[in-house]
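sequence unknown, structure follows:
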């Protein structure tokens with residue numbers, strides 16, 4: 001069957017011509033196909049496309065990223081933006097360059113080098129490894145004349161601490177249990193314990209982390225505990241004396257100078273033994289004083305700005321204390337303990353570790369001299385925690401604790417740089433000791449050979 005209009009062959013079931021679209025059900029719309037003559041060829045011409053006129057200036061919004069350009073296509077109601085292939089690569093390159101320059105400036109200021117072979121995942125890979133009681137005791141009992149390992153056995157690779165996490169978990173569980181006990185019974189005898197555990201848990205756990213980073217293992221827990229208590233009291237006293245000076249009463253940012261100087265002077269005054277000569281020792285001493293300072297400071301904030309501040313509005317006339325006031329006071333105290341506990345590893349402990357580590361890099365096994373405090377290798381590095389502390393307390397704060405997080409990242413980058421430098425120091429001493437031993441053995445063999453001859 002053929003279409004009467006265009007001659008296209010169509011099936012008898014078709015209602016419309018497949019060539020011209022004519023209605024085949026109308027009378028006279030079809031005719032029978034001739035066996036001798038083939039159907040004429042049908043040509044199809046597409047409908048003309050309307051000419052495209054470019055949009056007037058300002059018709060489309062500007063591109064949302066650098067390097068993008070508008071490309072308008074016929075028939076589309078809006079512009080389609082595309083970025084040149086090199087635009088994304090240029091943006092990535094700029095970010096990489098910025099980060100590289102920032103790391104370079106920090107390393108130059110701290111007199112450290114690029115981290116080599118460092119991996120947080122590998123460093124903390126043994127946190128959940130099972131340990132026996134004997135392993136735990138052997139791990140802790142170090143630092144005495146009989147338990148300090150010989151120089152040739154000291155690890156010089158990145159350490160893998162694990163004890164700090166177990167201590168932190170135990171202290172948090174004790175704190176949570178005491179808090180739950182108070183919430184269930186309302187017994188105020190739980191409050192001092194909650195305040196003590198909440199203030200000391202994270203600083204002490206962070207201190208134990210630095211204890212594990214001290215790979216020479218030449219500092220005992222006895223020394224650490226003594227320095228923790230003495231350092232906390234002395235550094236707080238020195239800081240309070242510093243705040244009494246009028247020039248340091250201008251703003252909260254002055255704490256960066258007063259408190260960092262107070263903590264460093266405490267480390268220098270208390271730890272004057274020639275026995276501790278390594279940079280890693282200085283880092284540990286600084287972390288110990290910083291942990292004591294942080295714990296006592298947090299306890300003070302929890303008491304004054306938390307517990308007591310919450311109690312005062314609820315004191316009943318006549319000196320009584322309502323249950324609601326007690327709950328409010330404890331609630332505010334717990335909020336302060338939680339916030340300062342989370343931020344504790346980013347602040348005082350690590351800041352003083354940087355200061356003391358930089359100072360021990362200058363001091364070494366030499367007796368203390370005032371000139372060491374003016375050595376450029378120390379001063380440049382000491383400016384880092386002072387500046388970071390000032391930014392931490394700055395009146396202008398980024399959202400979501402941005403100041404604290406950014407300063408914390410820089411702080412630990414410098415800490416790990418100093419730790420790497422301390423590991424290199426131990427490795428260099430190992431090589432020097434080995435060469436000295438070989439020279440001694442060679443000289444002994446020569447003397448023995450000459451005597452035998």
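Okay, I see it. This is a predicted model, so every value here is computed, not measured.

can you give me the buried ones in stretch 287-303?
Neighbour-count burial for stretch 287-303, counted by 16 or more other C-beta atoms under 10 Å, picks out 287-299, 301-303. C-beta: built from backbone N, CA, C; applies to glycine.

and those residues, which is closest to residue 431?
residue 287 (27.5 Å; C-beta to C-beta).

now the closest one: which helix or strand?
When elements are assigned from DSSP states H and E, residue 287 belongs to helix 279-301.

name the surrounding residues that touch the helix or strand just after that helix.
Elements were assigned by DSSP H and E; along the chain past helix 279-301, the next helix or strand is helix 309-311. Outside helix 309-311, the residues that touch it by C-beta atoms under 8 Å, 6 or more residues apart in numbering are 321, 325-326, 328-333.

out of those residues, who has the most neighbours?
residue 333 (26 neighbours; other C-beta atoms under 10 Å).

wait, that one sits on residue 194?
Yes. Assessed by C-beta atoms under 8 Å, residue 333 is found in contact with residue 194 at 7.5 Å.

just checking, what packs against the helix holding residue 287?
Applying 3 or more C-beta pairs under 8 Å, 6 or more residues apart in numbering; DSSP states H and E, we find helix 279-301 packed against helix 190-213, helix 221-243, helix 255-270, helix 323-343, helix 348-363, helix 402-452.

and the protein, what are its domains?
As assigned by automatic domain parsing, the chain contains the domains 1-33, 99-438.

element containing residue 168, please.
Assigned by DSSP H and E, residue 168 belongs to helix 163-185.

would you mark the buried spots in that helix?
For helix 163-185, using 16+ other C-beta under 10 Å, the buried residues are 163-165, 167-168, 171-172, 175, 178-179, 182.

state the mean pLDDT of it.
Average pLDDT, helix 163-185: 95.

mind checking how far residue 199 is from residue 174?
To residue 174, residue 199 is 13 Å away according to C-beta to C-beta, to the nearest Å.

stretch 20-32: which residues count as buried?
Of all the residues in stretch 20-32, those buried under the rule 16+ other C-beta under 10 Å are 22, 24, 29-30.

which of those residues fall in strands?
residue 30 (DSSP state E).

make a markdown table out of the buried residues of stretch 20-32 and add distance to residue 100 and pLDDT.
As requested, the buried residues of stretch 20-32 are exported to a markdown table (distance: C-beta to C-beta, whole Å; pLDDT from 0 to 100):
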| residue | distance to residue 100 | pLDDT |
| --- | --- | --- |
| 22 | 73 | 73 |
| 24 | 75 | 75 |
| 29 | 78 | 72 |
| 30 | 79 | 76 |
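
any weak-confidence spans in the stretch 51-200 of the chain?
Scanning the stretch 51-200 of the chain for pLDDT under 70 picks out the ranges 51-88.

ranges for the helices of it?
85-110, 120-123, 133-140, 163-185, 190-213 (DSSP state H, counting those that start in this stretch).

figure out which of those is closest to residue 398.
Of these, nearest to residue 398 by C-beta to C-beta is helix 85-110, at 16.7 Å.

which other helices and strands contact the closest one?
Packed next to helix 85-110, using 3+ C-beta pairs under 8 Å, 6+ apart, are helix 376-392, helix 402-452.

least reliable of these by average pLDDT, please.
Looking at the helices and strands packed on helix 85-110, the bottom one is helix 402-452 with a mean of 91.

that older thread, next one: the helix holding residue 287 to chain centre, how far?
19 Å (C-alpha atoms, centre = their mean, to the nearest Å).

what about that helix, average pLDDT?
Mean predicted lDDT for helix 279-301 stands at 96.

cool, and stretch 343-353?
96.

what's in contact with it?
Applying C-beta under 8 Å, 6+ apart, the set of residues contacting stretch 343-353 is 202-203, 206-207, 210, 259-260, 263-264, 267, 283-284, 286-287, 289-291, 293-294, 297-298, 385, 388-389, 392, 401, 404-405, 407-408, 411-412, 415, 418.

would CSV of the helices and strands packed on helix 85-110 with distance to residue 9 be doable?
Shown next, in CSV, are those (distance: least, C-beta to C-beta, whole Å):
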stretch, distance to residue 9
helix 376-392, 85
helix 402-452, 76
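
want to throw these into TSV with mean neighbour count?
Converted to TSV, the helices and strands packed on helix 85-110 look like this (neighbours: other C-beta atoms under 10 Å):
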stretch	mean neighbour count
helix 376-392	19
helix 402-452	15
